[in-house]
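Novice: When you get a sec, could you give me coordinates for this:
(one chain, ligands or ions: 1)
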Amino acid sequence: MTSNARRFDAVVVGGGHNGLTCAAYLAAAGLSVCIAERRGVVGGAAVTEEFHPGFRNSTASYTVSLLDPQVIRDLKLAGHGLVIRERPFSNFLPLPDGDYLKVGGGLAATQAAVGKFSQRDADALPAYYAMLERVASVLRGMLGATPPNFGAGTARDVVSLVEVIKTAKGFRALALPERRDLLDLFTKSAGEILDRWFESAPIKAAFGFDAVVGNFASPYTPGSAYVLLHHVFGEVNGKRGQWGHAVGGMGAITQAMAAECTARGVVIRTGSAVARVLVKAKRAAGVELESGEVIEAARVVANVNPKLLFQRMVAPEHVPEDFRARIDGYRCGSGTFRMNVALSSLPSFTALPGATAQMHHASGIIMAPSLAYMERAYFDARTHGWSREPIVEMLIPSTVDDSLAPAGKHVASLFCQHVHPDLPAVLPGQTWDDVREEVADLMIATVDRFAPGFGASVLGRRILSPLDLEREFGLVGGDIFHGALSLDQLFSARPVLGHADYRMPVAGLYLCGAGAHPGGGVTGIPGRNAAREIVKDARRRRH
Ligand SMILES: Cc1cc2nc3c(=O)[nH]c(=O)nc-3n(C[C@H](O)[C@H](O)[C@H](O)COP(=O)(O)OP(=O)(O)OC[C@H]3O[C@@H](n4cnc5c(N)ncnc54)[C@H](O)[C@@H]3O)c2cc1C
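Specialist: Down below sits the predicted model:
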C-alpha cells in the first residue's frame with residue numbers, strides 16, 4: 001500500500017457521466033476532488049470509441065434526451081463543444097407484412113400515419129400525449145429533489161416530511177382522473193395501459209418499446225409502464241419528449257464534462273481501478289487502487305453500481321447486516337445485447353426501399369411489430385437464454401453526423417432485447433462468451449429480414465453481451481440502469497429504504513451514480529443531487 005501525499009476533500013470512484021457531474025459541482029463549491037476511473041477513458045456507459053478502423057460510435061448508450069438542461073448549462077457543455085441534434089422523425093417501424101409506421105414529424109403527420117391502421121387510434125393520440133406529458137411533468141418535479149429518506153432516523157424523517165410536501169405539490173395540481181393516470185403509470189404494465197388507449201398493434205409497439213428497454217420483462221409485466229414513463233421526461237434543445245444525437249457520439253457529452261471538471265481543478269485519473277474503500281474510525285477515508293496506491297480523502301463518492309460498491313469494495317464489517325442483505329437482493333440485470341456495426345451502405349427496407357439517406361434512416365428504427373411479439377421475446381429469453389425473434393432498435397447516427405464514418409459509409413447502433421442477463425442459470429455450463437457470436441449473427445439476421453442485404457453490408461462489428469457490459473463497465477448483470485427501475489427500487493427505496501438521500505451507511509460514503517435516485521439514463525441528475533447533499537454535509541461538518 002503506497003500513500004499518495006495529497007489528501008482530497010473527496011475522491012469519486014468511477015468517471016461515468018454522474019461521477020463527472022458530481023465532481024464538477026463539488027469543485028464549484030470549493031472542494032478538492034479526485035476521480036479514479038478504471039478504464040482508459042472517462043464517460044462510463046456514455047463514451048465514443050473507434051470499433052473498426054475509421055469507424056467510431058457511441059459504445060453503449062447512444063441517444064440523448066434525459067440529460068438535465070440545468071446540468072448542460074451549469075457544466076457549460078455547449079461551451080465545451082457539445083452539439084445535440086434532434087431526430088427528424090422519432091421512430092420508424094417496418095412491419096413483417098411489408099407495411100410500416102412512422103412516428104414523428106408533428107402530431108398531424110403521426111395521426112395520418114396511425115390512421116392507416118386505425119382512425120380511432122389516430123383520434124386518441126392528442127389525449128394520450130397530453131396525459132403522458134401531465135404525468136411526466138410531475139415526475140420532472142421529483143427528479144431534482146432528494147427523495148424523502150423515510151426510516152433513516154427521527155431528525156432526518158422530519159426533513160423527509162418536508163420533502164414529501166414539496167414533491168406532492170405537482171401531484172396536488174392534478175385533477176382526480178389525472179392522479180389515477182399517474183398511479184397507473186407508476187404501477188401498471190405498459191401493455192395494460194396501451195391496450196386501453198389503442199387498438200392497432202404498430203402504435204402500441206412504438207410506445208411499448210420504451211417499456212422494455214433495459215427492463216428484462218414483458219410489456220405486460222406490472223411496473224413496466226414506469227420504465228416507459230422514465231423514457232419520456234427528457235427534451236432536446238428545449239423540445240420536450242424528443243430524442244437526439246450528440247455530435248461525435250455520447251462521448252462528446254462526457255468529454256465536455258471532463259473539460260469542465262479539469263477547468264475547475266478536478267484531478268482525473270484514468271487507468272485507476274479502485275479495489276476497496278478505506279474506512280478509518282468508522283468513516284470513509286479514501287480508496288486503495290488495485291495497484292496498491294492509496295488516495296486519501298475526507299469523503300468517498302461512489303459512481304459505481306451499489307452492488308459493486310458493497311459486495312466488492314466496502315468490507316462487510318463496516319455495513320449493517322440488514323443493509324448488506326438488501327443490497328444482495330437489489331435486482332440488477334437488463335436483457336440487453338448491444339452492437340455497433342460498420343456499414344458499406346445504408347439499409348434498404350422492404351417496407352420503404354431505397355439506400356440513399358431518407359428521413360426514416362435518421363430515426364429510431366424499431367424491429368418489433370407488436371406488444372405480443374415483445375412478450376414472446378421475453379419468455380423465449382427466459383427459457384432459451386435469448387429470444388430467437390429479438391426486439392432490435394437500430395439507429396444510424398452517421399446519417400446526421402459525418403464525423404463517425406468515412407464518406408459514403410455508415411455506422412449503426414443496434415440495441416437488442418431480450419437476452420437473459422444470467423445465461424448460466426438457463427444454460428448450465430455456458431456463458432455469454434460461448435454464444436455471443438451466434439447471438440450477434442441472429443441480431444444481424446433479424447435486421448436482414450426487414451432490410452435484405454443488410455448483413456452483406458456489415459464491414460465490422462463490436463459486440464457487448466450482458467457479460468461484456470459487466471466486465472467492461474462494471475454494469476452488474478449488464479444492467480444499464482445500475483438496478484431495475486421497479487417501484488421497490490425507486491425514489492425513497494433507491495437503492496435501499498433509509499439511504500435514498502445519497503448518504504450510505506458508512507459516514508463519509510455517498511452514492512452518486514444511476515443506482516441512486518432518479519436512476520439510470522444519461523441524466524446527470526444523481527450526480528448533481530448527490531453533490532448538493534455532500535456540500536451541505538461538508539459545510540455543516542456532518543455525515
Ligand atoms: C448498452 C446501453 C445502452 C444505453 N442507452 C442509453 C441511451 O441511449 N440513452 C440514455 O440516456 N441512457 C442509456 N443507457 C443508460 C445510461 O448509459 C446509464 O444509465 C448511465 O450512463 C449511467 O451513468 P453513471 O455515471 O451513473 O454510471 P456509469 O456510466 O456506469 O459509470 C460508472 C463508472 O465507474 C467505473 N468503474 C467501475 N468499476 C470501477 C472501479 N473498480 N474503479 C474505478 N472505476 C470503476 C466504470 O468504468 C464507469 O466509468 C444505456 C446504457 C447501456 C449500457
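Novice: what about Lys280, neighbour count?
Specialist: Residues lying near Lys280 (other C-beta atoms under 10 Å) number 10. For the C-beta atoms, the positions are set from N, CA and C on the backbone; glycine is no exception.
Novice: what about it, distance to Leu511?
Specialist: Distance check for Lys280 against Leu511: by C-beta to C-beta, to the nearest Å, it reads 20 Å.
Novice: likewise Arg331?
Specialist: 16 Å.
Novice: For the two, work out which one has more neighbours and name it.
Specialist: Leu511 (31 against 14).
Novice: can you pull the contacts of the more buried one?
Specialist: Listed by C-beta atoms under 8 Å, 6 or more residues apart in numbering, the contact set of Leu511 reads Val301, Ala302, Pro306, Leu309, Pro495, His499, Tyr502, Met504, Pro526, Ala530.
Novice: And it, its phi and psi?
Specialist: Leu511 adopts backbone torsions of phi -120, psi 130, taken as degrees, to the nearest 10.
Novice: do the same with Leu132
Specialist: Leu132 has phi and psi values of phi -60, psi -40 when expressed as degrees, to the nearest 10.
Novice: okay, now it: neighbour count?
Specialist: Leu132: 20 neighbours (other C-beta under 10 Å).
Novice: now do the one 5 residues further on
Specialist: As a burial measure, Ser137 scores 14 neighbours (other C-beta under 10 Å).
Novice: which sections of the stretch 1-150 of the chain are below the confidence cut-off?
Specialist: 1-4 (pLDDT under 70).
Novice: Kindly apply the preceding question to the chain instead.
Specialist: By pLDDT under 70, the low-scoring segments of the chain are 1-4, 151-168, 542.
Novice: Get me the contact residues on it for the ligand.
Specialist: Residues of the chain that fall close to the ligand, judged by C-beta under 6 Å from any ligand atom: 13-19, 36-39, 44-46, 60-63, 66, 273-274, 303-304, 336, 338, 469, 473-475, 480-482, 513-514, 520-522.
Novice: Now list the buried members of those residues.
Specialist: Buried members of these, counted by 16 or more other C-beta atoms under 10 Å: 13-19, 36-39, 44-46, 60-63, 66, 274, 303-304, 336, 338, 469, 473-475, 480-482, 513-514, 520-522.
Novice: how close does Lys116 sit to Gly105?
Specialist: Taken as C-beta to C-beta, the span from Lys116 to Gly105 is 14 Å.
Novice: can you check Gly408 too?
Specialist: Noted for Gly408: a distance of 27 Å to Gly105, by C-beta to C-beta.
Novice: Could you do Ile396 as well?
Specialist: Look at Ile396 and Gly105: by C-beta to C-beta, they are 17 Å apart.
Novice: and stretch 342-355, which residues are buried?
Specialist: Buried residues in stretch 342-355 (16+ other C-beta under 10 Å): Ala342, Leu343, Leu346, Pro347, Ser348, Phe349, Thr350, Ala351, Leu352.
Novice: which other residues reach it?
Specialist: So stretch 342-355 is in contact with 51-52, 54-55, 92, 94-95, 98-100, 356-358, 360-361, 394, 396, 399, 405, 408-412, 447, 450-454, 457-461, going by C-beta under 8 Å, 6+ apart.
Novice: Filter those residues down to the ones in strands?
Specialist: Among the contacts of stretch 342-355, the ones falling in strands (DSSP state E) are 51-52, 55, 92, 94, 100, 394, 410-412, 458-461.
Novice: Assign Ala284 to helix, strand or coil.
Specialist: The three-state label given to Ala284 by DSSP: H, G, I helix; E, B strand; the rest coil is strand.
Novice: what sits opposite it in the beta ladder?
Specialist: Val279 (DSSP bridges).
Novice: does it really touch Leu509, like I thought?
Specialist: Yes. Counting by C-beta atoms under 8 Å, Ala284 touches Leu509, with 4.1 Å between them.
Novice: circling back: in the buried residues of stretch 342-355, find the pair that's most separated.
Specialist: Spatial extent of the buried residues of stretch 342-355 (C-beta to C-beta) is set by the pair Ala342 and Ala351 at 24.1 Å.
Novice: after the host helix or strand of Ile203 comes which helix or strand?
Specialist: In the assignment (DSSP states H and E), Ile203 maps to helix 201-212. Scanning forward in sequence from helix 201-212 by DSSP H and E, the next helix or strand is helix 224-230.
Novice: got the CA positions of that following helix in CSV?
Specialist: The C-alpha trace of helix 224-230 is given here as CSV (Å, rounded to 0.1, in the frame of the first residue of the first chain):
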residue,chain,number,x,y,z
SER,A,224,-43.2,-1.7,-17.0
ALA,A,225,-45.3,1.5,-17.5
TYR,A,226,-42.9,3.3,-15.2
VAL,A,227,-40.0,2.3,-17.5
LEU,A,228,-41.9,3.8,-20.4
LEU,A,229,-42.5,7.0,-18.4
HIS,A,230,-38.8,7.2,-17.5
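Novice: Neighbouring strands - and their directions - for the helix or strand just after that helix?
Specialist: Later in the chain than helix 224-230, the nearest helix or strand by DSSP H and E is strand 235-236. Strand 235-236 has its sheet partners listed here by DSSP bridges as strand 239-240 (antiparallel).
Novice: Which members of the contacts of stretch 342-355 are classed as buried?
Specialist: With neighbours counted by 16+ other C-beta under 10 Å, the contacts of stretch 342-355 contain buried members at 51-52, 55, 92, 94-95, 100, 358, 360-361, 394, 396, 399, 405, 409-412, 447, 450-451, 454, 457-459, 461.
Novice: Next, work out how far apart Val236 and the ligand are.
Specialist: 12 Å (C-beta to the nearest ligand atom, to the nearest Å).
Novice: which strand residues sit across from the residue of the stretch 151-300 of the chain found nearest the ligand in the sheet?
Specialist: Relative to the ligand, the nearest point of the stretch 151-300 of the chain is Val274 (3.6 Å; C-beta to the nearest ligand atom). Beta-bridge pairing for Val274 (DSSP bridges): Leu289.
Novice: thinking it is in contact with Val13, fair?
Specialist: Yes. Val274 is in contact with Val13 according to C-beta under 8 Å; the separation is 4.8 Å.
Novice: Common neighbours of the two, please.
Specialist: Contact criterion C-beta under 8 Å, 6+ apart; residues shared by Val274 and Val13: Ala36, Val287, Met313.
Novice: where's the last one relative to Val279, distance?
Specialist: When you say that, I think you mean Met313. In terms of C-beta to C-beta, Met313 sits 11 Å off from Val279.
Novice: do Arg269 as well
Specialist: Arg269 is 21 Å from Val279, by C-beta to C-beta.
Novice: any idea where the helices of the stretch 101-250 of the chain begin and end?
Specialist: Assigned by DSSP state H, counting those that start in this stretch, the helices in the stretch 101-250 of the chain fall at 107-115, 119-143, 154-172, 176-187, 190-197, 201-212, 224-230.
Novice: any chance of the ones you listed in CSV, with distance to Asp9 too?
Specialist: As requested, the helices of the stretch 101-250 of the chain are exported to CSV (distance: least, C-beta to C-beta, whole Å):
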stretch, distance to Asp9
helix 107-115, 50
helix 119-143, 26
helix 154-172, 23
helix 176-187, 38
helix 190-197, 44
helix 201-212, 39
helix 224-230, 33
